[in-house]
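A.B. asks: missing the sequence, but the structure's below:
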DNA sequence: GCTCGTAAGTGAAACCTTTCAATACGTCAG
DNA sequence: CTGACGTATTGAAAGGTTTCACTTACGAGC
C-alpha cells in the first residue's frame, strides 16, 4: 500500500490534476469518444499519475445495481457443481458481467448469509442451488433480485429453474440394477433435507415397486452428507450387515459417495461389481477414471449451467420475461461397476 | 419483483414510515443498544413492512471498503484449488467477511479483469493463484489492495505468499522413479508459462541430473493445459513414440493430467505401472480412488489456503504487518501406479 | 426551583460517481 | 455579418448510508 497518508484519488482529484471538470473525467471513463483526443490524453495521464482506481461502490450506488452475478452452490469441492459453474461462466462470458462463486457447504445459514450479502450488493441476479428449495427465504430474495434455481425445481412456477429430472434419474439407476438381476439394493445418500436426495430416492423406490419387488428390498443407508468420506463410511456400514440382509447393489445419491464407497470396498477386499454393484449419479469426469469405472446417471452439467444463466440474463434484462422451468432428462452411462 | 413502480425502500423511507429520523434508523441497524426498545421495534416493523434491503454499495461508499475478500484461482474444476478454497473459507468463517471465488481459467486477461473488478469493489483483500506471478499487474493491484499469492511465490519479498516448494516436489517425484530403476522418464505438463509447471519440471531435471542420468533421458511432453483431457491427449503422444525412445515412467505436473494419462493408457491396453509408471502432483482425493491408485506428491491443500487467508487478514487489519513467505514442504505418497 | 448529567434521538455533511441540462466556442450556410 | 448548428466541456444534483456534533427530555441531586 504505497498510498501513504491521504485517501485514494477520486475523479475530483483527477479532474483537478488534469485541469478539467469532473464531468469530463467521467466522460473519459464512460464515453471517451465525446472527449477530444488531447483532453482525453491529459486526463488519462493524470489517472496514471495519481494511481486512480474507479470506485465501484459509488458507481453502483448511482447506477442502482452492480455488474455482478452470483452463483451460490451447495459444495465447491463436488466437481459436478464446478462443471455447472463452468457452463454459467461460458454463458456470461460475453456479457460484461462478472461471476462470483459462493459455497454454502450445505449449511442453510451460510446460504442465507450469502444470499443476503449478494442482494445487498444489488447484484444483477443470483443463481442458486438451494439446500432447501421450499424455503421462504427464496421468495423473499426474489422480491427484489432475479433468482434462478439450478439443479432443483419447485412445485409452483414462481421461479425460473434449470434442472435434471432427479426422479427419472433415480428410476434409471434402479431399473438398470433390476435388469441385472439385483433384488436387494441399497440407496446410499443423505441427508434427506436435500431435495436431490429425496427425489433420487423417490425414483429408486418407484422403479423398485414397478418391478414388482417388495418394499423392504430397497435399503436406505442414510449419510450425513454427500462427500467422498461419507461414501467410505457408508461402506463400513454396508459391510457390517449380515450376509442375508446385505444388498448386492448400491445406488448412490452422487458420484462422490459412490467413489468413496467403491474405494472402501476395494480396500476391504470386496469385488465390484461381483460382491457389490455400484451406480453413481452426475457422471463427473472422475467416474470414468475410477478404480472400477463407475456406472452413473449422467446429467448435462455444462448445459444445465448455461441454460440457468440464460434464464437469469433474460429475467434481469427483459421486461417481458416470463418464468420458465427447464428440465433435462438424464441418461445412464453403463460402465464396469455394474457389469458382472 | 413485487416492488412495482417505485424504487426500493431506503433508510429515509423507513424513517418516514416509522416516524423517526434517518439517524435513528441507522442506529437501529448499527448500534441497536443505543435505541430504546420501543423505537427499535417501531423501526423494525417499518423495515419489514417496506421490505427494506440495506444498500451495500452506499454502505461501502461511506465505509471506504467492502466486507468481502476474493480468491482468484487458476481453475475451479481442479479439485486442488477447491480444496485450497475450502481452507481459506474455514480461516475466514469467523471473521464477518464473505469469500467470493473467481476462476481465471488460466487466462491472464480474465485474471486481470477479475483483479481489477475486485479492486474497484474495494474488497478487503485478494488471494490469488496467478497465471504469471511475475506480472507487473500484481504490483499495481497491491499498491491499493492487500494481495496474497497462493501456491506460488515471487523471488522478491514484495508479497505475502503461501506455497508448497514445487521444485522440491518435482525432485521427490523423480527421485522416487529413479529409485525404482527408471532411466527414461517423461515430464508431462504445460504450458510453461505456468510457474508451477516450470518449477516442477525444474525439480525433475535436478533430480535426474543428481542421479547421474543423461539429460536427454528426461523427455518433456508439453500440454496446452493441465486438465484431464490434456492428460489423455498426452497419452496418445506418448504411445506414438517408438519403443526405443518411449519413457517407462511419467511424472505429470498435476493429478488431473496424471489421471487422464492413466485412463488413456488403460483404454489402449497398456498396463500401469508395468508399461508405464505414473506419478501425479497434488494428491487430490481422486488420486487414491483412481483405476490404479496414483502415486502423487502431496501438498497440504487446506493448510495452504488457511495460511494464505491468515496472512491476508493480518495484512488487511494489522498496521504493523510485514510480508511473509510461508513455504510448505511436499511429501510423496507412494501407491500402486509406481509399484511394479 | 435550579443545575447537571445521561440517554435518546436528530439532521447535515461526507463518501464518489454518473447524468443531464446548460454553456462556450467555433464553423458554416445564407 | 448573422443565425444556426455541432462539438467539447461544465457543474450541479442525485443516489443511500454512516457518522458526529448537536438538541431535547427527563430525573437526580442540591
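C.D. replies: Sure thing, it's come through. The structure displayed is predicted, hence computed values, not measured ones.
A.B. asks: how about the helix or strand bottoming out on mean pLDDT in chain A, does it get close to chain B?
C.D. replies: Lowest on mean pLDDT, DSSP states H and E among the helices and strands of chain A sits helix A:285-288, with a mean of 91. Yes: applying C-beta under 8 Å from any C-beta of the partner chain, one finds helix A:285-288 touching chain B at A:285-286, A:288. In this view, the C-beta of every residue, glycine as well, is placed from N, C-alpha and C.
A.B. asks: Please confirm that residue A:197 is located within a helix.
C.D. replies: Yes: applying DSSP: H, G, I helix; E, B strand; the rest coil, one finds residue A:197 inside a helix.
A.B. asks: OK, contacts around it?
C.D. replies: Going by C-beta atoms under 8 Å, 6 or more residues apart in numbering or on different chains, residue A:197 touches A:189-191, A:226, A:253.
A.B. asks: Strands of the stretch 201-340 of chain A, start to end?
C.D. replies: Secondary structure of the stretch 201-340 of chain A (DSSP state E, counting those that start in this stretch): strands at A:218-222, A:249-252, A:277-282, A:295-298, A:325-328, A:331-333.
A.B. asks: Output the ones you listed as CSV; include the columns mean pLDDT.
C.D. replies: Output for the strands of the stretch 201-340 of chain A, formatted as CSV (pLDDT from 0 to 100):
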stretch, mean pLDDT
strand A:218-222, 96
strand A:249-252, 98
strand A:277-282, 98
strand A:295-298, 98
strand A:325-328, 96
strand A:331-333, 97
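A.B. asks: Around DNA strand C, which positions in chain A sit nearby?
C.D. replies: A:7-8, A:10-12, A:22-23, A:25-27, A:29-30, A:52, A:54-55, A:58-59, A:61-63 (C-beta under 7 Å from any atom of the strand).
A.B. asks: Which single residue in the stretch 201-340 of chain A comes nearest to DNA strand D?
C.D. replies: Here the stretch 201-340 of chain A gets closest to DNA strand D at one residue, residue A:316, 18.5 Å apart by C-beta to the nearest atom of the strand.
A.B. asks: what's around that residue, how many residues?
C.D. replies: 19 (other C-beta atoms under 10 Å in any protein chain shown).
A.B. asks: residue contacts, it?
C.D. replies: Counted by C-beta under 8 Å, 6+ apart, residue A:316 has contacts A:69, A:124-125, A:146.
A.B. asks: Go through the contacts of residue A:197 and name the one nearest residue B:161.
C.D. replies: residue A:226 (33.6 Å; C-beta to C-beta).
A.B. asks: Can you flag the buried ones in the residues of chain A next to DNA strand C?
C.D. replies: By neighbour count, with 16 or more other C-beta atoms under 10 Å in any protein chain shown, the residues of chain A next to DNA strand C hold A:10-11, A:25, A:27, A:29, A:52, A:55, A:58-59, A:61 as buried.
A.B. asks: Okay, now the sheet partners of the helix or strand harbouring residue A:186, with direction.
C.D. replies: Element membership for residue A:186, per DSSP states H and E: strand A:185-189. Using DSSP bridges, the strands paired with strand A:185-189 in its sheet are strand A:218-222 (parallel), strand A:249-252 (parallel).
A.B. asks: Can you tell me which of those strands is most buried?
C.D. replies: strand A:249-252 (a mean of 30; mean count of other C-beta atoms under 10 Å in any protein chain shown).
A.B. asks: Now a PyMOL select for only the buried ones of the contacts of residue A:197.
C.D. replies: Selection command for PyMOL covering only the buried members of those, criterion 16+ other C-beta under 10 Å:
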select buried, chain A and resi 189+190+226+253
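A.B. asks: Helices of the stretch 201-340 of chain A, start to end?
C.D. replies: For the stretch 201-340 of chain A, the helices defined by DSSP state H, counting those that start in this stretch occupy A:228-240, A:255-267, A:285-288, A:301-317.
A.B. asks: Please identify the buried residues of the second one?
C.D. replies: Pointing back at helix A:255-267 there. Here helix A:255-267 shows A:255-266 as buried, counting by 16+ other C-beta under 10 Å.
A.B. asks: Could I get these in CSV, plus columns for pLDDT?
C.D. replies: Listed next are these as CSV, based on pLDDT from 0 to 100:
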residue, pLDDT
A:255, 97
A:256, 95
A:257, 97
A:258, 97
A:259, 95
A:260, 94
A:261, 96
A:262, 94
A:263, 90
A:264, 93
A:265, 93
A:266, 88
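A.B. asks: Let me know the closest of the residues you listed to residue A:173.
C.D. replies: residue A:258 (10.3 Å).
A.B. asks: Report how many residues lie close to the closest residue in space to residue A:226 that isn't next to it in sequence.
C.D. replies: Distance criterion C-beta to C-beta, 6 or more residues apart in numbering or on different chains; nearest residue to residue A:226, sequence neighbours excluded, is residue A:254 at 5.0 Å. The number of residues packed near residue A:254 is 27, by other C-beta under 10 Å.
A.B. asks: Tell me how far whichever residue of the stretch 1-150 of chain A sits closest to DNA strand D lies from residue A:54.
C.D. replies: The nearest approach of the stretch 1-150 of chain A to DNA strand D comes at residue A:23, 2.5 Å away (C-beta to the nearest atom of the strand). Going from residue A:23 to residue A:54 by C-beta to C-beta, to the nearest Å gives 15 Å.
A.B. asks: Any regions of the stretch 1-150 of chain A where pLDDT drops low?
C.D. replies: Residue ranges of the stretch 1-150 of chain A with pLDDT under 70: A:1-6.
A.B. asks: Please enumerate the helices of it.
C.D. replies: Under DSSP H, counting those that start in this stretch, the stretch 1-150 of chain A gives helices at A:11-18, A:22-30, A:37-50, A:56-63, A:79-92, A:108-120, A:136-142.
A.B. asks: Residue B:129: which of the ones you listed is closest?
C.D. replies: Nearest of these (C-beta to C-beta): helix A:79-92, 15.1 Å.
A.B. asks: Point out the other helices and strands that the closest one packs with.
C.D. replies: strand A:68-73, strand A:98-103, helix A:301-317 (3 or more C-beta pairs under 8 Å, 6 or more residues apart in numbering or on different chains; DSSP states H and E).
A.B. asks: re earlier: which of the contacts of residue A:316 count as buried?
C.D. replies: Applying 16+ other C-beta under 10 Å to those flags A:69, A:124-125, A:146 as buried.
A.B. asks: Could you verify my assumption that residue A:209 touches residue A:217?
C.D. replies: No: if you go by C-beta atoms under 8 Å, residue A:209 and residue A:217 don't touch, sitting 10.1 Å apart.
A.B. asks: Does stretch A:118-125 reach DNA strand D?
C.D. replies: No: between stretch A:118-125 and DNA strand D, judged by C-beta under 7 Å from any atom of the strand, nothing touches; the nearest distance is 8.6 Å.
A.B. asks: Tell me how far that stretch lies from the chain's centre.
C.D. replies: Relative to the chain's own centre, stretch A:118-125 is displaced by 18 Å; criterion: C-alpha atoms, centre = their mean, to the nearest Å.
A.B. asks: And chain B, is it touching that?
C.D. replies: Yes: if you take C-beta under 8 Å from any C-beta as the test, stretch A:118-125 does meet chain B, through A:119-122.
A.B. asks: contacts for that stretch?
C.D. replies: A:60, A:64-70, A:72, A:97, A:100, A:102, A:126, A:141, A:144-148, A:312-313, A:315-316, B:53-57, B:59.
A.B. asks: Can you flag the buried ones in these?
C.D. replies: By 16+ other C-beta under 10 Å, the contacts of stretch A:118-125 give A:60, A:66-70, A:72, A:97, A:100, A:102, A:126, A:141, A:144-148, A:312-313, A:315-316, B:53, B:55-57, B:59 as buried.
A.B. asks: so what's the spatially closest residue to residue A:67 that is not a sequence neighbour up against?
C.D. replies: Leaving aside its chain neighbours, residue A:67 sits nearest to residue A:97 (5.6 Å; criterion: C-beta to C-beta, 6+ apart). When the contact criterion is C-beta under 8 Å, 6+ apart, the partners of residue A:97 are A:67-69, A:124.
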